[in-house]
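**Student:** here's a sequence, model it:
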Amino acid sequence: AQVLIWSDFITARMQRNFYIALMAQDEEKQASALEAFFAECRAFAGAMDATGPYFLGAEICLVDVLLAPFWQRFILVGGHYRSVVFPDDAQFRRLGAWWDAMSARPAMRNTMVCSDRLISSYSQYARN
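**Tutor:** The predicted structure is shown next:
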């Protein structure tokens, strides 16, 4: 049940606030949506197994697979279009350790979209 709850959380809360920030043209709306996004990321990190590296611990699960492609977008697209820099706190360090483990997996590396293509494909979102 926890896997389904947190899988939905990724889409309904984390992605939603990220896309609001990406599409907003007003800087105040961007900042507000990014703060909400960071809060959702912290809540997600708080639900992660403390020893990791994955969401449930030593073994990868559906939640990890669902979040990984979007985390790549959060980093690359958010950084490019909205100068997103993740806070330096315990929750984001936990997410960073998770990302390091996920992005080191051969299956993940082999399916990641190249940076330039990913960034260019989101230009319409950012220039809404």
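
**Student:** okay, now the unreliable bits of this protein?
**Tutor:** Within the chain, no range satisfies pLDDT under 70.

**Student:** what about the helices in it?
**Tutor:** 2-9, 16-23, 27-47, 62-82, 90-104, 106-111, 115-121, 123-126 (DSSP state H).

**Student:** and of those helices, who's closest to Pro53?
**Tutor:** Evaluated over the helices of the chain, closeness to Pro53 peaks at helix 90-104, with 3.5 Å, by C-beta to C-beta. Every residue, glycine included, has its C-beta placed from N, CA and C.

**Student:** need the contact list for the nearest residue to Ala101 once chain neighbours are set aside.
**Tutor:** Once flanking residues are discounted, Ala101 sits nearest to Pro53: 3.5 Å by C-beta to C-beta, 6 or more residues apart in numbering. Going by C-beta atoms under 8 Å, 6 or more residues apart in numbering, Pro53 touches 97-98, 100-101.

**Student:** sorry, back to before: would TSV of the helices of the chain with mean neighbour count be doable?
**Tutor:** Listed next are these as TSV, based on neighbours: other C-beta atoms under 10 Å:
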stretch	mean neighbour count
helix 2-9	14
helix 16-23	19
helix 27-47	16
helix 62-82	19
helix 90-104	16
helix 106-111	11
helix 115-121	13
helix 123-126	12
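
**Student:** contact partners for the most centrally placed residue in the chain?
**Tutor:** Per C-alpha atoms, centre = their mean, the C-alpha nearest to the average position across the chain is that of Trp71, at 3.1 Å. If you count contacts by C-beta under 8 Å, 6+ apart, Trp71 has them with 95, 99, 102.

**Student:** state the distance from the last one to Arg42.
**Tutor:** Met102 is 18 Å from Arg42, where distance means C-beta to C-beta, to the nearest Å.

**Student:** the first one now?
**Tutor:** Leu95 sits 9 Å away from Arg42, taking C-beta to C-beta as the criterion.
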